[in-house]
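> Build me a model from this:
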Amino acid sequence: MLFLTAERRLLALFQTHGFRQLKDSLNLLLDQPVWWYCSDPDEPIHILESHNKVGCGLLHDSASLRDQWHEATVAAIHQAIRERVALMAASPPEQTQVIVPVLCGGETLGTIGLAHLPNYEQRRLYPLLPLLTQHLQQIAERERASEDLLGVKRLWKEVISTLDLEILSQRILEEIVTLLDAREGVILLVDQEHRLVKSAATGFDPNPRLTEEFAIPSTPYENKVFAWPQAAQMLSEGDPLRGWFLSLFPSSVEGRGVWAVPLTLAERLLGLVLCTGREGATLLPHQDVALETLSLGASVALRNALDFQQLQQKAAALGTVHSVYRLVSSSRMLGDLLGRNAILNRMGKLILQVMSVKKCSVMLLDETGRLIPSVQIGLDSEEIGTRPLELGEGLPGRVAQEGASLLVNSPTTDPRFASDPPEFYPAASYLSVPMFEAEVIGVLTVGGRIGHNARFTEGDREVLHTMAEQAVMALLNIEFFERQERIALQTMKVFDNLFETGDPDLRGKAHQLARFMDSFAAFLKIDAQTRQLFQIAAFIHGASTARVPTLASGEKSEDSALDRNEIAVRMARRLELPDSVVAILKDLDECFDGSGGPRGLRGEEISMGARMLTLADSFFAEGDSGGGQPGEVLDRLRGQSGQRFDSNLFESLSEFLNTAEGADTGGSPS
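Purely as a prediction, here's the structure:
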């Protein structure tokens, strides 16, 4: 946004048709004088047109003459601004100049000079001085009114159509600040609890703490803004809004006042724009008209954006029903198995988007009745939700104990939480709701609201309750899927044992391989759901190996690996197992260095499950054929590390076999 300062307005004036006409007329009348301008007596003087008159003191080669010219001219500028009228002054060496203040309403945009005039022109020009002042003022005010109306047009054309509250608030603020010739401003919107809360700022970087904790009741302003005689009001000493706004600046400035522009619609206050101004300033008639039009359009747009935001939020909450179902069911079908924490973590991220918050935590009750952190997104190190809580302790503990949601603004000053450490609640507002099955099973808490309203509302409570219900449904679905997968895995174990040994309770080789894979994966800290998939792949692989066709001599055919893999893949597909299991079985003959098949995958292009199962299967096969202790078996395979096997996994397997669990599962591969 380009703020039109006095200097910029002065430069814009030079481009107007009216000024160019005036300049052409005076050039003809006064034989091409030297034109200069300055926006402030303390700022440099700039040449507008010189007409190559190097004898003028402003352009003279002599430094002493230039100094004389500047001294005489600056004194005359101060006088012209003070008296608000054009005057004649000396223009060394021995010439005359006209100095005209450029007035616009109650302010002076700058000064224009016509230098190097013959002294005899004084008699002819003297009667024209008031006319010059008035004419330039009319041009400046006409240009100012035109620019203000363009601001209204920009808002209606570019902004009114948007329903993004954040973008809309920023643009409304910038247009109003520009219209009032200010540099700094904030826009405050009325929330559902009738408080004025910050939505956007421009021109400066206010202290975040001061703006987040600010919430002044809007009721007093709702009663008086409609009695204000103009579209903007200069706030008086003692007004809490004035005091708060001026406190945002690091140092006080003499004569700084605060404009307030109400945004109203149908006798309802939607918000206030505050911006800096000169103490005691008055609103010019054209500003009043433009500002009234601008604020009316802004109010209509704000009302639409607020309504749309509420509808969008409710729609997003309802949409989570489908999102959660798809998240849970597709993860099981596609093999991207997600556990409770992973699903809840994804839900937490969804909540951040739906509710426009920075912080989200999910705490679940354990067997002892304590709340245990499950999801922590955006939380500070000691914030509530980062450590276990007893029932009744802190905000989530109270919600779990009472089975009712709590909306808490300024928890550090709430007597219900007076005994809690202040570091529990670094955000200005928190909303916490229980998660019910037959009874409370956990608590979902959000904080750090983003946007114009740093406080939560009743609408937010409704949305978060919907999210909590879906979280519970997700947990129940996960539990159902996990139970079905456990049943499938147990069924596979029983039938494989029966197939290999004739006894459902006697472990066959596939069972041993699957148990080894599970223990090795646990050693690598792979989650339980993924380990379960690895076990299933190991069982399928073991069962398929027993059915590889043999030659008449009893030896396996050269294509046995291909046959084995094809059988395993077909078995997995007939059982409708996840794609990740199928991928493990398809890639068992890929080599880490890319020399394997059938796709020639290299390194981490091969799935972790396939790399682990290839290594584990070779370890067992080598033990069967050559015997020996686990370390000796591994040494015989070491030459293939980095070629057929993942070298990092190979070293991890060596470390695993040195543990008690590794020795138990892999100590007797033969």
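> For the rest of this, base every contact and every neighbour count on C-alpha atoms.
Noted.
> Provide the contact partners of stretch 361-372 at residue level.
Contact with stretch 361-372 is made by 344, 348, 373-377, 379, 385, 387-391, 396-397, 441-446, as judged by CA atoms under 8 Å, 6 or more residues apart in numbering.
> Now intersect these with the strands, please.
Using DSSP state E, the subset of those located in strands is 373-377, 441-446.
> Need the residues you listed in CSV (columns: pLDDT, distance to residue 255 and neighbour count).
Below are the ones in strands among the contacts of stretch 361-372 laid out as CSV (pLDDT from 0 to 100; distance: CA to CA, whole Å; neighbours: other CA atoms under 10 Å):
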residue, pLDDT, distance to residue 255, neighbour count
373, 92, 54, 20
374, 89, 55, 20
375, 89, 52, 24
376, 92, 49, 21
377, 92, 46, 17
441, 88, 60, 18
442, 90, 56, 28
443, 93, 52, 29
444, 93, 50, 26
445, 94, 46, 26
446, 93, 43, 29
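> Tell me which two of those sit farthest apart.
Greatest spatial distance among those (CA to CA): 377 and 441, at 19.8 Å.
> and residue 120, how many residues sit next to it?
For residue 120, the neighbour count with other CA atoms under 10 Å is 10.
> How confident was the prediction at it?
Per-residue pLDDT puts residue 120 at 87.
> One more: residue 429?
Looking at residue 429, the pLDDT reads 87.
> give me the low-pLDDT residue ranges for the stretch 351-500 of the chain?
Within the stretch 351-500 of the chain, the set of residues satisfying pLDDT under 70 comprises 451-454, 477-482, 484-500.
> neighbours around the closest residue to residue 26 other than its chain neighbours, how many?
Nearest residue to residue 26, sequence neighbours excluded (CA to CA, 6 or more residues apart in numbering): residue 32, at 7.6 Å. Applying other CA under 10 Å, we find 21 other residues in the vicinity of residue 32.
> cool, residue 19 as well?
Close neighbours of residue 19, defined as other CA under 10 Å, add up to 16.
> wait, isn't it in contact with residue 12?
No - at 10.1 Å, residue 19 does not count as touching residue 12 under the criterion of CA atoms under 8 Å.
> Relative to residue 636, which of the ones in strands among the contacts of stretch 361-372 is nearest.
Once CA to CA is applied, the member of those that ends up nearest residue 636 is residue 374, at 44.3 Å.
> Next one: that closest one from residue 386, what distance?
Here residue 374 is placed at a distance of 9 Å from residue 386 (CA to CA, to the nearest Å).
> Repeat that for residue 588.
To residue 386, residue 588 is 42 Å away according to CA to CA.
> More neighbours: these two, which one.
Per other CA under 10 Å, whichever of residue 588 and residue 386 has more neighbours is residue 588, with 26 against 20.
> List the residues that contact that one.
Residue 588 neighbours (CA under 8 Å, 6+ apart): 565, 610-611, 613-614.
> swap the cut-off to 6 Å and go again
Neighbouring residues of residue 588 by CA atoms under 6 Å, 6 or more residues apart in numbering: 610, 614.
> so how many other residues sit close to residue 191?
Neighbour count of residue 191, defined by other CA under 10 Å: 21.
> Which pLDDT does the model give it?
Residue 191 is given a pLDDT of 76.
> what's the distance between it and residue 216?
Distance of residue 191 to residue 216, computed by CA to CA: 11 Å.
> pretty sure residue 596 is in a strand, no?
No - judged by DSSP: H, G, I helix; E, B strand; the rest coil, residue 596 forms no part of a strand; its state is coil.
> Checking the residue lying closest to it once chain neighbours are set aside next. Helix, strand or coil?
If you skip the residues right next to it in sequence, residue 596 has residue 590 as its closest partner in space, 4.2 Å away by CA to CA, 6+ apart. Here residue 590 is recorded as coil under three-state DSSP.
> Can you list phi and psi of residue 590 for me?
Phi and psi for residue 590, reported as degrees, to the nearest 10, are phi -80, psi 140.
> and if you look at residue 406?
Per-residue torsions, residue 406: phi -140, psi 130 (degrees, to the nearest 10).
> Past the helix or strand bottoming out on mean pLDDT in the chain, which element shows up next along the chain?
Across the helices and strands of the chain, mean pLDDT, DSSP states H and E gives its lowest value to helix 208-212, namely a mean of 55. Counting by DSSP states H and E, the element after helix 208-212 in chain order, helix or strand, is strand 216-217.
> counting contacts, what elements does that next one pack onto?
Judged by 3 or more CA pairs under 6 Å, 6 or more residues apart in numbering; DSSP states H and E, strand 216-217 is in contact with strand 195-202.
> Show me what the strand it packs on is packed up against.
Contact here means 3+ CA pairs under 6 Å, 6+ apart; on that basis strand 195-202 packs against strand 185-190, strand 216-217.
> same thing but 7 Å
Secondary-structure packing of strand 195-202 (3 or more CA pairs under 7 Å, 6 or more residues apart in numbering; DSSP states H and E): helix 165-179, strand 185-190, strand 216-217.
> right, so these: which one is the most enclosed?
Comparing the helices and strands packed on strand 195-202 by mean neighbour count (mean count of other CA atoms under 10 Å), strand 185-190 ranks first with a mean of 26.
> Report the inter-axis angle for that one versus strand 195-202.
Orientation note: strand 185-190 sits at an angle of 150 degrees relative to strand 195-202 (axes from the mean of the first three to the mean of the last three CA atoms, to 10 degrees).
> what sits up against strand 185-190?
Strand 185-190 is contacted from outside by 173, 177, 196-203, 218, 270-276, 452, using CA atoms under 7 Å, 6 or more residues apart in numbering.
> ok, 8 Å please
With CA under 8 Å, 6+ apart as the test, strand 185-190 has contacts from 169-170, 173-174, 177, 195-204, 218, 269-276, 452-453.
> Same question for stretch 73-87.
41, 89-91, 98-101, 103, 108, 111, 126, 129-130, 132-133.
> one more time with 6 Å
By CA under 6 Å, 6+ apart, the residues outside stretch 73-87 that reach it are 98-101, 129, 133.
> List the ones among the residues you listed that fall in strands.
98-101.
> May I see those residues arranged in a markdown table, with neighbour count and distance to residue 260 as well?
Formatted as a markdown table, those follow (neighbours: other CA atoms under 10 Å; distance: CA to CA, whole Å):
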| residue | neighbour count | distance to residue 260 |
| --- | --- | --- |
| 98 | 24 | 40 |
| 99 | 26 | 36 |
| 100 | 27 | 33 |
| 101 | 30 | 30 |
